[in-house]
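Colleague: From the sequence below, what's the structure:
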Amino acid sequence: MARPELDHSYSYSSRRVPKCCSYKRITVFICSVNILVALYVFHNLYTSLYSSSSYSYFQHSRSAVSYTPDQIQNMEESMRIRKQSEPINLIQMVKEIKQKLDTREEEMVVLPQPLKRNLTNEIIQLLRGLKAGANTTLQHEAVESWRKQKLKQAKRIARGKQSNSSILPVEAGILARALEFNWAELSHKIGLWIPVNVVNNVHDDKPEGEADFDDTILAGRRLPPECNAELHTDYGGHAVKWGLTHHKESAYECCQACLNQAKTARPDEMKCNIWVYCPAEEGCHSPDIYQHKLEECWLKYAEEPRVNFKDTYSDNYRRNHRNAPLVVPWVSGVISS
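Modeller: Numbers count the residues shown, from 1 in each chain. As a prediction, the model looks like this:
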């Protein structure tokens, strides 16, 4: 008996999946749903964290700025006390002084460097032209006469009445103001130190026959003859007292310190026979590495005292020492034996 043939086409068509429910479509759908769920979860987490931090910050801010009435009153009271305790007058004085200083700096006359160098050279030549051993009075009179002459010349050039000059009219005007109104400052910058003599005619107790000694230009008491004070002079020697730590208020006290040291020195110690004093407010120049200040008193010893510098510093020395002034600022003396 023959086996009936199976209808294969019918069985296959009965097992086919509909097109709307293919495996690929189902996979895409499930993945999309998972992504949407993940985004929703992340959104909720971020929102909760942000809300929590904002709430805590808000709570902290509220707790930070919340003060009781007593605390507010205490703060207001402390602010009032602090405002009342401010030195208003002192602050105002400081402002006025600062304003005056600023105005003074604006009014300061600044000379060109070549012009200042020419003035320095002219004063050097003037002092060198004086007689050897000229005292301070003659030096001061010579410099003052030169200043007045230079002032007249500068005014003529500034007004155009003198054309045969190497100075320009503008520079001449600056020079005239410096010589007339800022001479003290200009002489200080040049390095000129010539003290002004003070004559006292009220009382003169100098014994008859004693040589005249012009020490009125130095602060303090009259120096005794044995001090042999010499202005604008710097003596060398071995240091008995180190001047950097040995200060005296006047040249008289410095000389007396030298005399006292010589009297009380032990036989094995050096006895002071030279004193060197700095009377200049801006300090005194020296070729060493130290900054020598006002009232330094050096006590020295030398068998044969020798002068280091006298009257003015030489041109060669000033070329090698740029900060050296024109005139020697020290006052020295060799004690009479």
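Colleague: Can you give me the neighbour number for L326?
Modeller: Counted with other CB atoms under 10 Å, residues neighbouring L326 total 20. Heads up, the C-betas are built off the backbone N, CA and C, glycines and all.
Colleague: Can you pull the domain assignment for this structure?
Modeller: For the chain, automatic domain parsing gives the domain ranges 113-190, 225-334.
Colleague: what sits against A154?
Modeller: By CB atoms under 8 Å, 6 or more residues apart in numbering, the residues touching A154 are I167, A172, G173, L175, A176, L179.
Colleague: Check which helix or strand it maps to.
Modeller: Counting by DSSP states H and E, the element that carries A154 is helix 136-158.
Colleague: got it, and E304?
Modeller: Going by DSSP H and E, E304 is not in any helix or strand.
Colleague: Look up phi and psi at it.
Modeller: phi -130, psi 90 (degrees, to the nearest 10).
Colleague: Quick check: pLDDT value at it.
Modeller: On pLDDT, E304 comes in at 90.
Colleague: again with V199
Modeller: With respect to pLDDT, V199 has a value of 39.
Colleague: which SS state does F309 fall under?
Modeller: strand (DSSP: H, G, I helix; E, B strand; the rest coil).
Colleague: meant to ask about S166
Modeller: Under the three-state scheme (three-state DSSP), S166 adopts coil.
Colleague: coming back round to it: I'd like to know which of the contacts of A154 is nearest to L244.
Modeller: Distance to L244 across these (CB to CB) is lowest for L179, with 36.6 Å.
Colleague: before we move on, back to that, present the domains of the chain as CSV; the columns should include distance to L45.
Modeller: As requested, the domains of the chain are exported to CSV (distance: least, CB to CB, whole Å):
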stretch, distance to L45
domain 113-190, 77
domain 225-334, 73
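Colleague: what's the least confident stretch among the ones you listed?
Modeller: For those, the bottom mean pLDDT is recorded on domain 113-190, which sits at a mean of 75.
Colleague: ok so, going back, scan the contacts of A154 and report the most crowded one.
Modeller: Going by other CB under 10 Å, L175 tops the contacts of A154 with 26 neighbours.
Colleague: Surely it and L115 touch.
Modeller: Yes - if you go by CB atoms under 8 Å, L175 and L115 touch, sitting 6.4 Å apart.
Colleague: ok, the spatially most central residue of the chain to W242 distance?
Modeller: Taking CA atoms, centre = their mean as the criterion, E282 is the residue nearest the geometric centre of the chain, at 13.8 Å. Distance of E282 to W242, given as CB to CB, to the nearest Å: 21 Å.
Colleague: winner for burial among the domains of the chain?
Modeller: domain 225-334 (a mean of 17; mean count of other CB atoms under 10 Å).
Colleague: End to end on that domain, go ahead and measure it.
Modeller: Terminal residues of domain 225-334 lie 11 Å apart, using CA to CA, to the nearest Å.
Colleague: Helices of this protein, start to end?
Modeller: Remark: helices assigned in the chain by DSSP state H are 8-15, 23-65, 69-84, 88-107, 113-128, 136-158, 169-181, 183-190, 251-264, 315-320.
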